[in-house]
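Q: here is the input, now give the coordinates:
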Amino acid sequence: FTYLEIKNYEASKNPTRTVLEDWQARSKDASVGKLLSILTEVERKDVVEDLRPQIDEDVRKYLESLQRKSEPPLQVPEVDSCVPRTPERLGITVEDDPEGAPEMFDAFICYCQNDFHFVCEMIRELEQTDHKLKLCVFDR
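A: Sure thing, here's the model as predicted:
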């Protein structure tokens, strides 16, 4: 940075943040490691030691997030959630006969009125094409 730039940074509300943001914007090799190297080179080991706990915590969180992303999601080979499993499930629509089998659906559509036109389009797409799904939709 030039002398004038440094003088302008002194007037900003958070000079350190401003310098770091500008450094990151200007430099392709701006990184935490590079910053630590520079601080060590200018003999500001006190700053490096003050930053060390925060850096260690950020690294720990980052490694945990990488591990979570690498774990595959839980999946099962078949979907069987639409099969009634308990006797309490007597019926799911007003028209169901309490003594007979409940009416079964492939999906329940929950929406707000602002999305009504989109829902109508999706109903046509899912029920009246090759998909042939049976949808439970409010007001039908």
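
Q: ok, residue 25 to residue 19 distance?
A: Residue 25 is 11 Å from residue 19, where distance means C-beta to C-beta, to the nearest Å. Any C-beta I mention is one placed from the backbone N, CA and C, and that applies to glycine too.

Q: looking at these two, which is more packed in?
A: Per other C-beta atoms under 10 Å, whichever of residue 25 and residue 19 has more neighbours is residue 19, with 15 against 8.

Q: so is the more buried one in a helix, a strand, or just coil?
A: Following DSSP: H, G, I helix; E, B strand; the rest coil, we place residue 19 in the helix state.

Q: helices along this structure, start to end?
A: With DSSP state H as the criterion, the chain has helices at 3-11, 15-26, 32-41, 45-70, 116-127.

Q: in the fourth one, what's buried?
A: Which is helix 45-70. For helix 45-70, burial by neighbour count (16 or more other C-beta atoms under 10 Å) applies to no residue.

Q: and that helix with helix 32-41, angle?
A: Angle of helix 45-70 versus helix 32-41, following axes from the mean of the first three to the mean of the last three C-alpha atoms, to 10 degrees, is 170 degrees.

Q: now helix 45-70, how far from the centre of its chain.
A: Taking C-alpha atoms, centre = their mean, to the nearest Å, the mean C-alpha location of helix 45-70 is offset from the chain mean by 21 Å.

Q: check the first one too.
A: If you compare the mean C-alpha spot of helix 3-11 with that of the full chain, they lie 39 Å apart, counting by C-alpha atoms, centre = their mean.

Q: can you name the residues that contact residue 107?
A: 126, 133, 135, 136 (C-beta atoms under 8 Å, 6 or more residues apart in numbering).

Q: okay, now the second one: neighbour count?
A: Going back to what we said before, that points to residue 133. Around residue 133 there are 13 residues (other C-beta under 10 Å).

Q: for the helices of the chain, give me TSV that also has mean pLDDT and distance to residue 108.
A: As requested, the helices of the chain are exported to TSV (pLDDT from 0 to 100; distance: least, C-beta to C-beta, whole Å):
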stretch	mean pLDDT	distance to residue 108
helix 3-11	91	58
helix 15-26	91	48
helix 32-41	90	48
helix 45-70	89	30
helix 116-127	88	12
